[in-house]
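Q: Model the structure of this input:
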Amino acid sequence: MEAIKEIADRCNVQVVEDAAHALGAEYNINGEWYKVGACAHSTIATFSFHPVKHITTGEGGMILLNDKELEERTCRIRMHGVSLDIRKRVNKESIWLYEMVDLGFNYRITDFQCALGISQLKKLSSFLKRRREIAEKYLIAFQDMEEITLPNALSLQMTTVRHAWHLYVIQLHLEKLKGNREEIYFALRAENIWPQIHYIPVHLHPYYQERLKYRKGDFPVAEAFYERVISLPLYPRMGDQDVEDVIGGVKKVVNYYRKR
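A: As a prediction, this is how the structure comes out:
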């Protein structure tokens, strides 16, 4: 983030952090810890509260900013572009006054969703703790398997990053395996493990191919990565036996498909 901010400052552009997967994550620069979303090296940070994220409001999200003027405009845009500042400029009897000063929409989250989110925030530390415990178990179990590559944050004891572990994505070394990713995916399903694939590259979706004329092969690195990734189950309510079942299933499937 520090390097990105330096580039942005040189180019006179703003930094917007997509922190949808990173609630609770932290990074260290020169001995000082920064929470993702604190906007220490960005102007805006956005979070998602979709049901599968670290905490949920059912749907919706949150924007954090470090710019007062931009904050005021964001609040207007999320409320039909309406400003209530006129109330400050007239007498107290005119509390019903409002003005539409921007083109905005109804992007307001509901009060009862906010109440749910606040209650979820109280549980965030325990959710993060459990996610990190599960990630550590996966690390220990899979670190010596040559057929897969683990996430880059190879240890939870790293001195520069405290990972939030929304996803645990492994990469398959298909050249060392007899099957392709799809075969291994369904083999894991047969072991009662429900992995996911994150994510289909944007340029392969019909909208971008039909409207913007992108084609397979335009971004070979993204495509090569996509073809070998599988996300393993990871969520706070997983019990230790659930984690062991995933570990055992992955080892069984990889061993079966391993090239002799």
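Q: how far does the one helix or strand in the chain whose mean pLDDT sits lowest sit from the chain's center?
A: Every helix and strand of the chain was ranked by mean pLDDT, DSSP states H and E. The lowest is helix 86-89, at a mean of 73. When C-alpha coordinates are averaged (Cα atoms, centre = their mean, to the nearest Å), helix 86-89 and its chain have centres 40 Å apart.
Q: now the helix or strand following it, how far from the centre of its chain.
A: Using DSSP states H and E, the helix or strand that follows helix 86-89 in sequence is strand 99-100. Its chain's C-alpha centre and that of strand 99-100 lie 35 Å apart, by Cα atoms, centre = their mean.
Q: do the same with stretch 214-226
A: Centroid separation between stretch 214-226 and its chain, computed with Cα atoms, centre = their mean, is 21 Å.
Q: distance between the ends of it?
A: End-to-end distance for stretch 214-226: 16 Å, by Cα to Cα, to the nearest Å.
Q: can you list the weak-confidence ranges in the stretch 51-200 of the chain?
A: 91-93, 153-158 (pLDDT under 70).
Q: Run through the helices of the stretch 1-150 of the chain in chain order.
A: If DSSP state H, counting those that start in this stretch is used as the criterion, the helices of the stretch 1-150 of the chain fall at 2-11, 68-77, 86-89, 111-121, 124-142.
Q: I'd like those helices written out as a markdown table, with mean neighbour count and distance to residue 221 added.
A: Using the backbone N, CA and C atoms, a C-beta is placed for each residue, glycine as well. Shown next, in a markdown table, are the helices of the stretch 1-150 of the chain (neighbours: other Cβ atoms under 10 Å; distance: least, Cβ to Cβ, whole Å):
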| stretch | mean neighbour count | distance to residue 221 |
| --- | --- | --- |
| helix 2-11 | 11 | 20 |
| helix 68-77 | 14 | 34 |
| helix 86-89 | 10 | 52 |
| helix 111-121 | 13 | 36 |
| helix 124-142 | 17 | 24 |
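Q: Need those in TSV (columns: distance to residue 254).
A: Shown next, in TSV, are the helices of the stretch 1-150 of the chain (distance: least, Cβ to Cβ, whole Å):
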stretch	distance to residue 254
helix 2-11	36
helix 68-77	47
helix 86-89	64
helix 111-121	35
helix 124-142	9
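Q: closest to residue 256 out of those?
A: helix 124-142 (15.8 Å; Cβ to Cβ).
Q: quick one: contacts of the closest one?
A: Identification of contacts with helix 124-142 by Cβ atoms under 8 Å, 6 or more residues apart in numbering yields 23-24, 54-55, 148, 150-151, 154-156, 163-166, 168, 170, 232, 234-236, 238, 243, 246-247, 250-251.
Q: what domains does the record give for this structure?
A: Per automatic domain parsing, the domain ranges recorded for the chain read 2-121, 124-257.
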